[in-house]
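> structure for the following, please:
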Amino acid sequence: MTVTRPSHTARLSRREAVLFEAGIKLGGVFHQYLGIPVTHRTAPALARAIEDAVGLQPFVRSVHVRIDPGAGGRTGRGRFAYHYLTAEMLDVRVELEDGPLRVVARLRHRPELRYPLISVERLEERGRRARRPS
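Modelled structure (predicted):
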């Protein structure tokens, strides 16, 4: 079987690439951790573990995870009753930096949409020097 490869690949700007990276990191948190058992006692440790894991990835300057176990429902009864991480519990903020570009993106549940939305809160380019008139 012959594998056909595209003759060209898309060339992203640095801006597009850092925005893409922010989405990948937040999407990864959402898809990797949902369903894990969580309580009010374990939520802070789980949040730190997620922060530490995401913080290892390229371009990440900071990560802040907040988990509210009270936002989700219980499953099971008696000793089998526990909470598991749901989209409603998560509020994740990442800050990425690539050269002069900095992006702050956030994953949080939007009750009015009944959906966990990833959004860009800030995008800035630092270090541009003002041009002097000649």
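
> all strands for this structure, in order.
37-38, 60-67, 74-75, 82-84, 90-98, 101-110, 115-125 (DSSP state E).

> buried sites along the fifth one?
Just to be clear, that refers to strand 90-98. Using 16 or more other C-beta atoms under 10 Å as the test for burial, strand 90-98 gives Leu90, Asp91, Val92, Arg93, Val94, Glu95, Leu96. Just so you know, the C-beta spots here come from the backbone N, C-alpha and C atoms, and that holds for glycine as well.

> could you give the bridge partners of the second one?
In this case it means Asp91. Counting by DSSP bridges, Asp91 is bridged to Arg66, Arg108.

> from Asp52, how far out is it?
Asp91 is 17 Å from Asp52, where distance means C-beta to C-beta, to the nearest Å.

> for Val103, list the residues it contacts.
Val18, Leu19, Ala22, Glu95, Leu96, Glu97, Val120, Arg122, Leu123 (C-beta atoms under 8 Å, 6 or more residues apart in numbering).

> could you do Arg66 as well?
Ala47, Leu90, Asp91, Val92.

> the second one reaches Arg108, doesn't it?
Yes. Between Leu90 and Arg108 there is a contact under C-beta atoms under 8 Å: 6.8 Å.

> hmm, Pro100 is touching Gly127, no?
Yes. The pair Pro100 / Gly127 is scored as a contact, 4.4 Å apart, by C-beta under 8 Å.

> how about low-confidence regions in this structure?
1-9, 128-134 (pLDDT under 70).

> what do you get if the cut-off is 80, keeping everything else the same?
The model of the chain has pLDDT under 80 over residues 1-10, 72-82, 127-134.
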